[in-house]
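Visitor: quick one, what's the 3D model for this:
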Amino acid sequence: MKRLSDELTVSPQVPLEAIPAIADAGFKTIMCNRPDQEDPGQPSFDEIRAKAEECGLETVFLPVVSGNVQEADADAFGDVLAKATKPVFAYCRTGTRCTILWSLASANSLTTSEIVSAAAKAGYDMAPLVPRIDARR
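Guide: As a prediction, the model looks like this:
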């Protein structure tokens, strides 16, 4: 788990058995940014949703194709994050896609250096994304 803000923590793929610990850690919503069947053996979002609901968590399925994050994806991520019960635990294959979405969605609320710094502290290099972040202002 890598914390980007008070509202959002990102992670690589969540195994089903980790969901109770996510709920116990105080998260209120799980967001999946990964299409089903992206990799063999990954749990489907329906499986994640069922386990999350058993644990009292809300769920959001916002799949984005790896390496192809569009501006509309970032807008949708920002809308979901604004409306979701927080804190939110978002996951994809490595956490990078979630971080890209958050970085782009945060362009109007944080400075570029705040975005890049928060991502770097979590282990994600968003420096190559700076022109896209700046273009969203």
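
Visitor: what is the longest helix along the chain packed up against?
Guide: Determined from DSSP state H, the single longest helix within the chain is helix 71-83. Judged by 3 or more Cβ pairs under 8 Å, 6 or more residues apart in numbering; DSSP states H and E, helix 71-83 is in contact with helix 96-105. For the C-beta atoms, the positions are set from N, CA and C on the backbone; glycine is no exception.

Visitor: what's the following helix or strand after the helix it packs on?
Guide: helix 112-121 (DSSP states H and E).

Visitor: by contact count, what packs against that next one?
Guide: helix 96-105, helix 130-135.

Visitor: and Asp46, which of the ones you listed is closest to it?
Guide: helix 96-105 (19.8 Å; Cβ to Cβ).

Visitor: how far off centre is the closest one?
Guide: In terms of Cα atoms, centre = their mean, to the nearest Å, the centre of helix 96-105 is set 7 Å apart from its chain centre.

Visitor: got the contact list for it?
Guide: With contact meaning Cβ atoms under 8 Å, 6 or more residues apart in numbering, helix 96-105 is reached by 2, 4-5, 8, 10-11, 31, 33-34, 64, 66, 69, 71, 73-75, 77-78, 81, 90-92, 115-116, 119, 122, 124, 126, 129, 132-133, 136.

Visitor: cutoff 7 Å now
Guide: Helix 96-105 is contacted from outside by 4, 8, 10, 33, 64, 66, 69, 73-74, 77-78, 81, 90-92, 115, 119, 122, 124, 126, 129, 132-133, 136, using Cβ atoms under 7 Å, 6 or more residues apart in numbering.

Visitor: nice, that's everything, thank you.
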